[in-house]
Every structure is written in C-alpha cells, then in structure tokens.
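1. Below are the sequence and a predicted model for it; my questions follow.
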Amino acid sequence: MGGRDGPGLPADAAVYVISVAAELSGLHPQTLRAYERMGLIMPGRTGGGGRRYSHRDVELLREIASLTAGGVGIEGVRRILELENQVTALQARNEELGDELAATREALRQAVSTRRTDPNRLPVLRGPDPSGSLVVWRRSRGQ
C-alpha cells in the first residue's frame, strides 16, 4: 500500500463514491454502510453528506473482507485493526527515538572531539526540546 493512488492523488484523498468503493473492495454497498455504523471505516463526506472513500479506505475494506472471509468475527476484526494501528504508531515512535539517539550520539561525538582539541572549551548540547533550551556545563572550582 503506497503513499499515493494514481498520479498526484494522496492515498487518503476521498474520491470514490460508495458504489465504486464497493466494487473495488469486492463488498456490497450495504456492507460498507454497516461497517461505517460499526466504526470500522470512516469515509469522508461531501458538502451534501455523500460518502467518499479513499484508496486507503478501499485497502482497509479489502483487509476487513479478507479477515471476515477467513472466519474472523467483527469484534476480532476490530481488535486486529486496533493492534495494527498500535504497531504502526509504535514503529513511528521507535523511528523518532532512533533519530533522536543518533543526533545525541553525534552531538556527543562532536563535544568529545571539541574537548580533545580545546580542553578549555566546554561542550554545549542542544536537546530535542523544540523550545530551543540549552544545556551548559560548568566546572566546579575543585576541577
């Protein structure tokens, strides 16, 4: 499942009417309405209230259809989708933490390098805090 659906369309662009989404997903339009009532899918709406489905919605409908065809009940489908969302969120957070760790290691490497070339210069490390806070290390008089 890519980030785009066709030329220039984001995967979450709500473009398909219910009949097209039903055909693409292999489900009946009434089934799509039922899944919406159950909270499994949340299609976009036009100004007049008509449903519009995105490519991502169609992929989700296909996944729901596959799970139910395999014998998974609706509550099981709901739980699987929740867990998949949690996994996605945790993967994104893990990536953020990995980036933060890499930046911290690089800052530490630079601080150690600077310390070796100029022993009187103290390292200044900036944290991931978007406020731009600054950590300044001072030697105590005994050092």
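-> Everything's here; your move.
2. so where's this protein shaky on pLDDT?
-> 1-7, 115, 118-143 (pLDDT under 70).
3. Just give me how far the longest helix seen in the chain sits from the chain centre.
-> When the chain is parsed with DSSP state H, its longest helix is helix 74-117. Counting by CA atoms, centre = their mean, to the nearest Å, helix 74-117 is centred 12 Å from the centre of its parent chain.
4. What is that helix packed up against?
-> On a contact count with 3 or more CB pairs under 8 Å, 6 or more residues apart in numbering; DSSP states H and E, helix 74-117 meets helix 55-69, strand 124-126. Just so you know, the C-beta spots here come from the backbone N, C-alpha and C atoms, and that holds for glycine as well.
5. Tell me which of the ones you listed is the most buried.
-> Mean neighbour count (mean count of other CB atoms under 10 Å) peaks for helix 55-69 among the helices and strands packed on helix 74-117, with a mean of 18.
6. With respect to residue 92, which of the helices and strands packed on helix 74-117 lies nearest?
-> helix 55-69 (16.1 Å; CB to CB).
7. So what touches the closest one?
-> Contacts to helix 55-69, defined as CB atoms under 8 Å, 6 or more residues apart in numbering, come from residues 1, 5-6, 9, 11-16, 21, 24-27, 32, 35, 40-41, 43, 53, 74, 76-77, 80-81.
8. Is it possible to mark the buried ones in these?
-> With neighbours counted by 16 or more other CB atoms under 10 Å, those contain buried members at 5, 11, 13-16, 21, 24-25, 27, 32, 35, 40-41, 43, 53, 77, 81.
9. circling back: would you mind giving the helices and strands packed on helix 74-117 as CSV with distance to residue 114 added?
-> Below are these laid out as CSV (distance: least, CB to CB, whole Å):
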stretch, distance to residue 114
helix 55-69, 47
strand 124-126, 9
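10. That's all I had, so thanks and see you.
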